[in-house]
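In: predicted coordinates and the sequence they were generated for:
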Protein chains: 2
Amino acid sequence: MQRIRLTLLFLATLVLGGVAASRAQQPARAEYPGIETGKMWTFDAPPLAYWAKRYDFHPTQTWLDHAMHSAARLPGCSASFVSPDGLVMSNHHCARGCIDAVGRPGEDLLTNGFYAASRAEERKCPGMYLDQLLQITDVTDSVNAAVPPGTPSGRAAKLRETEIGNLEQHCQADAADIRCQVVTMYAGGEYKLYRFHHYTDLRLVFAVESQTAFFGGDPDNFTYPRYDLDISIVRAYENDQPANTSADYFKWSQAGAKDSELVFVVGNPGSTGRLNTLAQLEYLRDIQYPASLTQLGNMIAVYQAQAAQSPERARALENTLFYLQNSYKAISGYQAGLLDSTLMARKRAWERSFRARVNANPRWRLRYGSAWQTSALDWQQLRALALRRRYYSFNAYGTTLLQEAGLIVRYPAQMAKPDSAREPIYRDAMKPRLERVLQAPVDTAAEIAMLGAYFTQMKKDLPATDPLLRRVLAGRAPDDAAREMVTSSEILSPAQRQALIEGGAAAIRASTDPFIELARYISPVEESLTRQATAINDREAQASALIARALLAVFGNTVAPDATFSLRISDGQVLGYPYNGTLAPPFTTFYGMYNRYYAFGASAASPWNLMPRWLQMRDSFNLATPLDAVSTNDIIGGNSGSPVINANGEIVGLIFDGNIEAQPLRFLFSEAVGRSVWVDSRGIIEALRHVYGAGALADEMTGR
Amino acid sequence: MQRIRLTLLFLATLVLGGVAASRAQQPARAEYPGIETGKMWTFDAPPLAYWAKRYDFHPTQTWLDHAMHSAARLPGCSASFVSPDGLVMSNHHCARGCIDAVGRPGEDLLTNGFYAASRAEERKCPGMYLDQLLQITDVTDSVNAAVPPGTPSGRAAKLRETEIGNLEQHCQADAADIRCQVVTMYAGGEYKLYRFHHYTDLRLVFAVESQTAFFGGDPDNFTYPRYDLDISIVRAYENDQPANTSADYFKWSQAGAKDSELVFVVGNPGSTGRLNTLAQLEYLRDIQYPASLTQLGNMIAVYQAQAAQSPERARALENTLFYLQNSYKAISGYQAGLLDSTLMARKRAWERSFRARVNANPRWRLRYGSAWQTSALDWQQLRALALRRRYYSFNAYGTTLLQEAGLIVRYPAQMAKPDSAREPIYRDAMKPRLERVLQAPVDTAAEIAMLGAYFTQMKKDLPATDPLLRRVLAGRAPDDAAREMVTSSEILSPAQRQALIEGGAAAIRASTDPFIELARYISPVEESLTRQATAINDREAQASALIARALLAVFGNTVAPDATFSLRISDGQVLGYPYNGTLAPPFTTFYGMYNRYYAFGASAASPWNLMPRWLQMRDSFNLATPLDAVSTNDIIGGNSGSPVINANGEIVGLIFDGNIEAQPLRFLFSEAVGRSVWVDSRGIIEALRHVYGAGALADEMTGR
């Protein structure tokens, strides 16, 4: 109820919508135009002027080198060295394969966790490797020199690939512990040779239970406040001895981070689209994402209705539903950014000023100036094709019969081509897969329900006079059409499908199966539309490349390139943010973990379940210890496991997620409400010492 | 990061956007058309058929009478009897005046709380009274009979008022402990005589510290998850003895409420606008609320800039900023509902079907049919006046000088009228007030800043050629205009204002003070616009009344009338809801309170501060006890302090707020995400016993 209260004003943190500015937060981004495309800086072009201006932070080359060398990359993840004896910290899921593999009979390490109390108990992770970046060399000139002037673009690409391969091999020489990779920046504006120390002997030291790492499950995924202790520890070995990383590891902060403190994330963000043109973003916003969300929503509704029929059905559909719901959540997040008129206005203004600078320089104008118009035309053409591409398709919300019919209808023409010219599914190497697909059984009731949903949406989207729609419905309601087609279909039976394949083109042409007839109708249109779309997408890729190189030409390295799955360093501050009509705090504590457990009924079936050790130890450790934290560092998928360090280069945290408001940052960078989410260093040590009995490990990490 | 997890599916609670339906929640509202306008049922027209159909709930008349008699009304609040000896439970702020008044020298009961360990220590609340509803009688015919057919509407209203007064006085007779009130339902479609037992001797028994009642302060206000223990207890006395309420009190539930359980709220919701026409809602959405939010935002920004200048300034502006920010939060909430196309589409469809039913009946059509068109015309006309009314005004974002000038400019003409014909501020009885206002000092810098913000917005909103704008700016930038006007104004000085008043119309006409000149220009236009708006609003009030009566005619009592500050009972279920990309749980626990305290830095200056007793007792009671809870009952301001009871009529909770998603429900009823927020009965008892040492009180409430 509305009440006026005489409480002390918490001005520094009370934010309403976009109205107030936090006193604790550094001034608005408008003062730092270089961060318009984000803050994922490369180590060979650190933004020293920007850091000095914004934070009065002046790192030495030693500081930067130390940060670079103490970070590490695991397959698909980031990590860091945290002791002189090769200890490596990352997320739980980054070591999942190892945890799963090293369990002995009777053990279930994913469920119950693992702790090697001595070096002898550390278990080797089969097939796991780790790369430590040693050096970055600019090889742009070498790569470009391999392409004589006037070489057509297709051949030029091959020549560059060859030269890149040569550079990498030469760099690696025959050293088993060296890996080299040429990273393409600015879509070929720059080429950088990254040289890594390659570790192949990694041994599992510690892992929490997966329920602890992923407390809150899929509901809490992508969100904050959060209560995950998402950590695993391995040790790098060389020559059967712990690797000597005494020169290259992050010390552990004694005090931990404070609200508003300057912190850095060192890791490997995978991919951003901040150079996407406004034309592309508008296409996503107006055409692609609404269609995806509609489709996902329809499919989720159908599956949920089926899952509600019985517990067995529910279990069988678990994974499918999670996948769809995760996609829905992520795309909703992206779309929220695209629907944010403030973010889009800022993008529009920046694109306009970027283009103006290109056009003001005759050389740039000549080389790059047409790229945006090309892009606008491309997306305009893709808009025109979108609706037809959506329905002249065999996918039909993942139903089986239309996909089968499509495979069958195209079979003769595909098999007539040489193997390398066929669609992948028809190639000789894929024969077992194709055969399995053609044998797939059909759950008739489920097929009817999903196909009905698909036809229902088709009827909403297409005009009543559309020939495809009229052919599909044939005067029937969508659900009736689905039911009649499925129940009367011959190709419900795998044997019948086989008969059509063997009967060849003549049999397929003669078939009166409703799905075969529909597929025959769809097929030529689908081929044509796909050809057109492919040509447009190829042209768009070239326009994108031009724009990336224009970025480099105009801004040099003062503007960070899009993420490239390679090592970046990102600045930020520990900071809460407005959420849910109130404030999300900069930290959470273990109290919050227990709150959510009990609030949802303390049920073992719940995503908020706690493992027995957490219930046994509940009253035996300091619940007020910070558990998770948020900051304004710029990260994205690939940064899982990244260390969070303070200005002294000490560990204050471990990245594992972003909040729901960070989703739009894929395309439109902003510091307003998107946050990196990490495990606080203090929570890690408190849990290791007092909940997991891993005091020796805690000592090694904290340097006792 | 995106991860597919093999966790057990929590289907019953996983909701994404509007896609999924909770298995635990009863089926969608479309099955219960009677609840389109909400669920605030009167006790003389309980929705028995609806309750039977939806919940298989069949309350006896005894059950209903008991609920009615065990509830109670405090000034501006709701309450309930919770023991046979007159114990009354309500929110903390409902007893605030008493808590403040009964403190003795050296005590600060608002800050530190209060507990009377024995009856003798209970302290009488001066001026506090409580009403217990005993009986409802239909007096519609009596009231209507007092108006002869053909009486003009103005006189008819007076005749009805007189008859209502007679009925109330006759009902009260001379009994000091009886109060009677005629409640108008459906804007005069029905009149109901409510007869109350009136208690005037209320004594304070228990109050938490205000920080405990309002933990989370203004940031957490209107939100959930929440951790407030918002409770006060008084005891009703008669003849110096505890009132005998053995027949009329709610027993305390032993087990407390469960997720999904059917619960009822009995209380006094103040005011809803669910019968507002779509035309009015669109006016609010398109014109009024955007203007209010813009104005509030501008004013907040100016005040915050001033508050940032010094801690003293910040303290002086506390209350002002809180008031503005609360208004901003509430209006943002209402507007969110009006911007929700699903909610508005549902309103549109319902209004259409309601009108269709009216038009299908010749008698109804004749009597009520024109009301919606009238309403549409009214709001269309108000739209046309809106912009001019906004700026032909003396308010100017609450600045002083233009308001003073307006008062002065109108003074001669007003004083020339008879006292009863003047604007209220000019009446003889208000003379001291007017004099105080005319003496008000002006903080020049603050005045310039706020007036500058006002002129800046004026410039954005009005076309450049607007005569008022041109007059105000006179070719200057808005901030310059403000500065020049203020620094050159004579009426900065109260003595100068007085001189103008004394100089009369001639002096005022001759004045060259920039604010007097502007006020002279504005005044006649403002008067004209106000006259026009008043006439339209009068017509709109009649249209609204017709629509309310049409509701009664068409639906009878199957549809609840808008709230009327009188006793209602509302059904609902304990239920979490989607929030923040994940789920808000049905309950919170004390663990969550400590989490928020530590997460925000455990600072005494923070809205999340905890009083010393909570830190001392932290490890001495069961933190897993439910603290707050949410349900789908339909409540609004006025319901503060209402009891939440289960189907057995036992206390399971105490209402104190709604979540942020409940704000739009003022106009557009929905069960999707809006929730009532209450203190859980178990949390109350746990705190009383183990944190407040109030075991005897807990025993009396739980009936030990």
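Out: Noted; the coordinates are in hand.
In: so for A:Gly17, what's the pLDDT?
Out: pLDDT recorded at A:Gly17 is 32.
In: pLDDT below threshold where in chain A?
Out: Applying pLDDT under 70 to chain A flags residues A:1-31.
In: let me see the domain layout of it.
Out: Following automatic domain parsing, chain A resolves into domains at A:2-129+A:200-273+A:559-702, A:391-557.
In: for those domains, which one ends up most surrounded?
Out: domain A:2-129+A:200-273+A:559-702 (a mean of 21; mean count of other C-beta atoms under 10 Å in any protein chain shown). (Each C-beta comes from the backbone N, C-alpha and C, glycine too.)
In: I'd like the distance from that one to the chain centre, please.
Out: Its chain's average C-alpha position is 16 Å from that of domain A:2-129+A:200-273+A:559-702, according to C-alpha atoms, centre = their mean, to the nearest Å.
In: helix or strand: which one has A:Val265?
Out: strand A:262-267 (DSSP states H and E).
In: which stretches in the stretch 151-300 of chain A count as helices?
Out: Counting by DSSP state H, counting those that start in this stretch, the stretch 151-300 of chain A has helices at residues A:153-172, A:210-213, A:217-220, A:278-283, A:289-307.
In: which parts of the helix or strand that the last one is followed by are buried?
Out: What that stands for is helix A:289-307. With elements assigned by DSSP H and E, the helix or strand that comes after helix A:289-307 is helix A:311-338. Going by neighbour count (16 or more other C-beta atoms under 10 Å in any protein chain shown), the buried part of helix A:311-338 is A:314, A:317-318, A:321-322, A:324-338.
In: if you skip the residues just before and after it, what's nearest to A:Gln414?
Out: A:Tyr426 (4.1 Å; C-beta to C-beta, 6 or more residues apart in numbering or on different chains).
In: show me what contacts that neighbour?
Out: A:410-411, A:414-415, A:434 (C-beta atoms under 8 Å, 6 or more residues apart in numbering or on different chains).
In: again, only this time at 10 Å
Out: A:407, A:410-411, A:413-415, A:417, A:419, A:434 (C-beta atoms under 10 Å, 6 or more residues apart in numbering or on different chains).
In: same question for A:Thr399.
Out: Residues near A:Thr399 by C-beta under 10 Å, 6+ apart: A:299, A:442, A:446-454, A:482, A:486, A:515.
In: and which of the residues you listed is nearest A:Met40?
Out: Comparing these against A:Met40 with C-beta to C-beta places A:Met299 closest, at 34.0 Å.
In: what's around the closest one, how many residues?
Out: When neighbours are defined as other C-beta atoms under 10 Å in any protein chain shown, A:Met299 has 22 of them.
In: would you mind listing what in the stretch 601-704 of chain A touches chain B?
Out: Proximity of the stretch 601-704 of chain A to chain B, by C-beta under 10 Å from any C-beta of the partner chain, involves residues A:601-609, A:618-619, A:622-629, A:635-641, A:655-661, A:663.
In: spatially nearest residue to A:Asn659, not counting backbone neighbours?
Out: A:Asn659's closest residue in space is A:Tyr224 (C-beta to C-beta, 6+ apart), at 4.0 Å.
In: these two touch, right, the one you found and A:Ala584?
Out: Yes. Using C-beta atoms under 10 Å, A:Tyr224 is in contact with A:Ala584, at 6.0 Å.
In: now do the shared contacts for these two.
Out: Taking C-beta under 10 Å, 6+ apart as the contact rule, A:Tyr224 and A:Ala584 both touch A:576-577, A:630, A:659, A:661, A:675, B:580.
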